[in-house]
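Trainee: 3D, please:
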Amino acid sequence: QVYLAESGGGLVQAGASLTLSCTTSGRPFETIAVGWFRQPPGKERVFVASISSTSKTYYADFLNGRFTVSRDNTKNTVSLHMNSLKPEDTAVYYCAANRFNNHPDYTPSADFEFGTWGQGTQVTVSS
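Mentor: Now for the predicted structure:
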């Protein structure tokens, strides 16, 4: 069983940067691919980015290079670095761990590919 906890959310102004962290426990970190999703107010949850156990990354097209995901294997932590934030980035951000043990370069992106989710962290971007 893997456990995840997000942190780093908050209220920022448009154009600012923010880094979210996802700390995992309960399963060897090197076996975990982690994804980030977000759920804006009144909308469905959508995929943002994922990182494989070998640090291969995959991003949603709408990001246009503004976000990057990285992992620190010494701290069992995956980070989502968000730059040039816009009001439309306002959402609850969730991290999730892969359900299936696939190839080490596996970068899941669909909901069903994740088996465990964190509790979420709120990011609010003011205009």
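
Trainee: what about the strands in the chain?
Mentor: Using DSSP state E, the strands assigned to the chain run over residues 3-7, 10-13, 18-25, 34-39, 46-51, 57-59, 67-72, 77-82, 91-98, 114-117, 121-126.

Trainee: what sits opposite the closest residue to residue 65 other than its chain neighbours in the beta ladder?
Mentor: Spatially, and ignoring its direct neighbours in sequence, residue 65 is nearest to residue 59 (8.0 Å; CB to CB, 6 or more residues apart in numbering). Using the backbone N, CA and C atoms, a C-beta is placed for each residue, glycine as well. Here residue 59 sits in beta bridges with residue 49, as judged by DSSP bridges.

Trainee: related to what we said a few turns ago, pipe the strands of the chain into a markdown table and attach mean pLDDT, distance to residue 108 and mean neighbour count per row.
Mentor: Listed next are the strands of the chain as a markdown table, based on pLDDT from 0 to 100; distance: least, CB to CB, whole Å; neighbours: other CB atoms under 10 Å:
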| stretch | mean pLDDT | distance to residue 108 | mean neighbour count |
| --- | --- | --- | --- |
| strand 3-7 | 96 | 14 | 17 |
| strand 10-13 | 98 | 27 | 13 |
| strand 18-25 | 96 | 14 | 19 |
| strand 34-39 | 98 | 6 | 23 |
| strand 46-51 | 98 | 6 | 22 |
| strand 57-59 | 97 | 8 | 17 |
| strand 67-72 | 98 | 13 | 18 |
| strand 77-82 | 98 | 13 | 22 |
| strand 91-98 | 97 | 5 | 24 |
| strand 114-117 | 95 | 6 | 17 |
| strand 121-126 | 98 | 20 | 17 |
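
Trainee: Could I get those strands in CSV, plus columns for distance to residue 105?
Mentor: Putting the strands of the chain into CSV (distance: least, CB to CB, whole Å) gives the following:
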stretch, distance to residue 105
strand 3-7, 21
strand 10-13, 33
strand 18-25, 19
strand 34-39, 14
strand 46-51, 10
strand 57-59, 10
strand 67-72, 13
strand 77-82, 16
strand 91-98, 12
strand 114-117, 17
strand 121-126, 27
